[in-house]
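# Here's a sequence, model it:
(one chain, ligands or ions: 1)
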Amino acid sequence: MAIAATTGVSLEIAPEALAAAIAAAEQAWPREACGFLLGPGANSAQVDRFLEIQNVQDELHREDPARHARTAHTGYTFEPRALLDLVMDETAPVAAKVAFHSHPDGCAELSSLDRDRAFLQEGLLTYPVQHLVIAVRDGRACEARLFDLDQAGDRLVCTRTLNLLSESR
Ligand SMILES: [Zn+2]
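The predicted structure is shown next:
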């Protein structure tokens, strides 16, 4: 199981998994971080770990700035081999359940580009998963929001704002 369909599922996200995504988002600032939240394939609601995937947006921009106008400050592209490894690993006991990226100096909202890329075509998600966006300002995560398909199944809407506060912060 490489990717579990989680749209419409009330996910139980372990604090450690969210904390790991927050740490990656803060460490990557002022660049975007990206990856997936994972969980056991047998239980579709449970999310208990985070897998960061390298953001190769800066490399793409350097190679072909006309085609890839955005740098990693405002864009992300999963490192293709790591993404393929994740997607193709049918025997893995864990599955990707939430696609994640951060917005350095932005807000925890899906951009129009994010919304375009989330769908292969109208009504068909690129990955059948929910999306997590973490906003980072001055190197500190300030907001984390989860997005899922609306009831009509054609639009991603914010379904939850996740609590970033913990005793260590
Ligand atoms: Zn974005």
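
# CA only for contacts and neighbour counts going forward, please
Will do.

# Would you mind giving both backbone torsions of His68?
When read as degrees, to the nearest 10, the backbone of His68 gives phi -120, psi 80.

# Distance of the nearest residue in space to Arg31 that is not next to it in sequence relative to Asp48?
Leaving aside its chain neighbours, Arg31 sits nearest to His73 (4.3 Å; criterion: Cα to Cα, 6 or more residues apart in numbering). According to Cα to Cα, to the nearest Å, His73 and Asp48 sit 28 Å apart.

# List of residues touching the helix or strand hosting Ile22?
Using DSSP states H and E, Ile22 sits in helix 15-28. Contact with helix 15-28 is made by 32-34, 37, 47-50, 52, 100-102, 134, 136, 139-141, as judged by Cα atoms under 8 Å, 6 or more residues apart in numbering.

# What are the buried residues along stretch 48-65?
For stretch 48-65, the neighbour count (16 or more other Cα atoms under 10 Å) marks 48-58, 60-61 as buried.

# Give me the mean pLDDT for that stretch.
For stretch 48-65, the mean pLDDT works out to 97.

# neighbouring contacts of that stretch?
13-14, 16-18, 20-21, 24, 32-40, 67-72, 75-79, 82-83.

# Stretch 113-124 now?
For stretch 113-124, contacts defined as Cα under 8 Å, 6+ apart pick out Leu125, Thr126, Tyr127, Gly153, Asp154, Arg155, Leu156.

# can you count the residues close to the residue nearest to the fourth one when sequence neighbours are not counted?
Translated: Gly153. Nearest non-adjacent residue to Gly153, counting by Cα to Cα, 6+ apart: Gly123, 6.2 Å away. Number of residues near Gly123 (other Cα atoms under 10 Å) recorded here: 12.
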